[in-house]
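> Predicted model follows, preceded by the sequence.
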Amino acid sequence: MHVVITPAPQLTGEVVVPGDKSISHRGVMLGALAEGKTRLSHFLAGEDCYNTIKAFQNMGIDIRMESCFSEDGSEERRLVIQGKGLHGLKKPVKEIQAGNSGTTARLLAGILAGQPFEAVLDGDISLRKRPMDRIIEPLRLMGAKIGSRDNSNTLPLAIQGGRLKGIEYTLPVASAQVKSAIILASLYADSPTVIHQPAPSRDHTEILLRHFGGRLETRNHTLTAYPAQELQGRDIRIPGDISSAAFFITAALLVPHSRITMKRVGINPTRTGILDIYHQMGADISITNIDDTDGEPVGDITATHCPLYGIEIGGSIIPRLIDEIPILALAATQAHGTTVIRDAGELKVKESNRIDSVVRCLRAFGADIEPTEDGMIINGPSPLTGNIVTCRMDHRIAMMAAVAGLIAEGQTIITDGQWVNVSFPGFFQAMDELRS
């Protein structure tokens, strides 16, 4: 899908960003393992999350969309999952396809490790390049039998589930996906599992699992996950995804005369690193109407155009903004001074090598940016010029390029804009509506 972006004189208005992708995935998974119905309002109807739905439908779970009314009386759609309990999954009728979704693949591996059947888990060309050894190792220690083609530690994986045991495990990197795979496998273990984290990572699995009736204890960076006898279905309203909101926050900061409000966005502290960094850079961002929904804090975020200043970014904050680094790098190209991003080597194993992808894309626009082994160095402000961009199956690169096109001179063409549907269906329409 070719998308043409032209400079915007200003952007004003409100945006309702899609439901949080991480919570949407986990809601489907835990709803399928719970007893009774789970209803997910404001579910992210993106391709990644549909791959999770199809995976559980493949294992006999009834999942469907239904119409309902929200609190303000407007009609909306919600996802209804008829759970069959921790031991209700059936052997999949065909290979499970995770598509482009690393969350689907890694978390589902943890669930499959405890099932009394064998399953094959695969993904698209991009996902097949991403490392799976980080989940294979702990799941094997728990007793699962997992094999990859040619011992490559990549998809496809053959997983023979069975009886699992609790372990004590230290994560080599702060990874919510790896942590969550172990937590989900621990539901089927014969004893508690202790997980040591090098730094906090997003904790949506812990919050949701407790909400469904699971037991976890957290002390400092150590988590203890307990086996479960039963989970209970729940009604959950999913907050807006702060990773999606980040693109409009940045657009408001960079486009002159702009002011954008994003309604009911998740502001879980494990995800708000982008807000902390922007405040350090001098951004005009406020949060109002702070509330709590099913254990997840939400608020309305308003961003207003203002000058930004370069800073150094690294250390324990990186896991709290790892998905936002592409759009943060764009902001840094317009900041006064030098921005250094370090300790972000995890970017190399995302949908693309995001260090290379971000540098290549922003250089094409004319940015002064250099890659490093674990991040990048960006000098600003740099005037940008429109370009032709191919995102190479990475939705965040496509959206970053679209925001760059709003401040670049001339026309920007994104040749494969359809990849934004992975996490933000309707992204380009929402952007256009802010121009009016």
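Yes, it's here.
> what residues does stretch 233-240 touch?
16-20, 23-24, 27, 31, 34-44, 81, 83, 208, 211-212, 262-268, 293-294, 296, 298 (CB atoms under 8 Å, 6 or more residues apart in numbering). Every residue, glycine included, has its C-beta placed from N, CA and C.
> Kindly report the domain assignment for the chain.
Domain ranges of the chain: 3-18+239-433, 21-224, per automatic domain parsing.
> Mean pLDDT and mean neighbour count added to the ones you listed, as JSON lines?
What follows is the domains of the chain, written out as JSON lines (pLDDT from 0 to 100; neighbours: other CB atoms under 10 Å):
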{"stretch": "domain 3-18+239-433", "mean pLDDT": "95", "mean neighbour count": "20"}
{"stretch": "domain 21-224", "mean pLDDT": "94", "mean neighbour count": "19"}
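> Would you format those as a markdown table with distance to Glu230 included?
Shown next, in a markdown table, are these (distance: least, CB to CB, whole Å):
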| stretch | distance to Glu230 |
| --- | --- |
| domain 3-18+239-433 | 19 |
| domain 21-224 | 6 |
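> Compare those domains and give me the one nearest Leu231.
Evaluated with CB to CB, those place domain 21-224 nearest to Leu231, the distance being 4.0 Å.
> what's the spacing between that closest one and its chain's center?
14 Å (CA atoms, centre = their mean, to the nearest Å).
> What of stretch 243-262?
So, by CA atoms, centre = their mean, the centroid of stretch 243-262 is 19 Å from its chain's centroid.
> now swap in stretch 313-320 and tell me
On CA atoms, centre = their mean, the centre of stretch 313-320 falls 16 Å from that of its chain.
> quick revisit: looking at the domains of the chain, spot the one closest to Gln232.
Per CB to CB, nearest to Gln232 of the domains of the chain: domain 21-224, 4.9 Å.
> What segments of this structure are helices?
Here the chain has its helices, by DSSP state H, at 21-33, 47-57, 102-112, 133-141, 176-186, 204-211, 242-254, 273-280, 325-333, 354-365, 395-407, 427-433.
> Please convert those to JSON lines, extending it with distance to Gln229.
Converted to JSON lines, those look like this (distance: least, CB to CB, whole Å):
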{"stretch": "helix 21-33", "distance to Gln229": "12"}
{"stretch": "helix 47-57", "distance to Gln229": "21"}
{"stretch": "helix 102-112", "distance to Gln229": "16"}
{"stretch": "helix 133-141", "distance to Gln229": "21"}
{"stretch": "helix 176-186", "distance to Gln229": "13"}
{"stretch": "helix 204-211", "distance to Gln229": "14"}
{"stretch": "helix 242-254", "distance to Gln229": "34"}
{"stretch": "helix 273-280", "distance to Gln229": "36"}
{"stretch": "helix 325-333", "distance to Gln229": "41"}
{"stretch": "helix 354-365", "distance to Gln229": "41"}
{"stretch": "helix 395-407", "distance to Gln229": "39"}
{"stretch": "helix 427-433", "distance to Gln229": "42"}
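> ok, Glu47 - contacts?
Per CB under 8 Å, 6+ apart, neighbours of Glu47: 99-101, 421-422.
> what about 6 Å?
421-422 (CB atoms under 6 Å, 6 or more residues apart in numbering).
> what's the answer for Pro381, then?
Pro381 touches Gln334, counting by CB under 6 Å, 6+ apart.
> Kindly report the same for Val194.
168, 224.
> State the distance from it to Leu209.
Note on Val194: its distance to Leu209, by CB to CB, to the nearest Å, is 16 Å.
> again with Leu127
For Leu127, the distance to Leu209 - CB to CB - is 25 Å.
> Find the nearest non-adjacent residue to the most far-flung residue of the chain relative to its centre, please.
In the chain, the residue that sits farthest from the middle, by CA atoms, centre = their mean, is Gly410; the gap is 31.6 Å. Of all residues not flanking Gly410 in the chain, Gly386 sits nearest, at 3.7 Å (CB to CB, 6 or more residues apart in numbering).
> List phi and psi for that neighbour.
phi -60, psi 150 (degrees, to the nearest 10).
> Surely it and Ile407 touch.
No. Counting by CB atoms under 6 Å, Ile407 is not a contact partner of Gly386; they are 9.9 Å apart.
> ok, now which ones touch the residue nearest to Arg264 when sequence neighbours are not counted?
Excluding its sequence neighbours, the residue lying closest to Arg264 (CB to CB, 6+ apart) is Val298, at 4.9 Å. By CB under 6 Å, 6+ apart, Val298 lies in contact with 239, 264, 266, 291.
> can you redo the residues you listed as JSON lines with distance to Leu141?
Conversion of the contacts of Val298 to JSON lines gives the following (distance: CB to CB, whole Å):
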{"residue": "Pro239", "distance to Leu141": "34"}
{"residue": "Arg264", "distance to Leu141": "40"}
{"residue": "Gly266", "distance to Leu141": "32"}
{"residue": "Asp291", "distance to Leu141": "40"}
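> Arg435: which of these is nearest?
Taking the contacts of Val298 together and measuring to Arg435 by CB to CB, the closest member is Arg264, at 23.1 Å.
> What distance do you get for the closest one to Gly240?
Distance from Arg264 to Gly240, by CB to CB: 5 Å.
> before we move on, what about Asn100?
Taking CB to CB, one finds Asn100 at 22 Å from Gly240.
> again with Thr272
Applying CB to CB to Thr272 and Gly240 gives a distance of 13 Å.
> before we move on, the earlier item: which stretch among the helices of the chain comes nearest Tyr169?
Here helix 133-141 is closest among the helices of the chain (CB to CB), at 5.0 Å.
> So which elements touch the closest one?
helix 176-186 (3 or more CB pairs under 6 Å, 6 or more residues apart in numbering; DSSP states H and E).
> mind running it again at 10 Å?
helix 102-112, strand 145-148, strand 157-160, strand 168-170, helix 176-186, strand 193-196 (3 or more CB pairs under 10 Å, 6 or more residues apart in numbering; DSSP states H and E).
> Thank you, goodbye.
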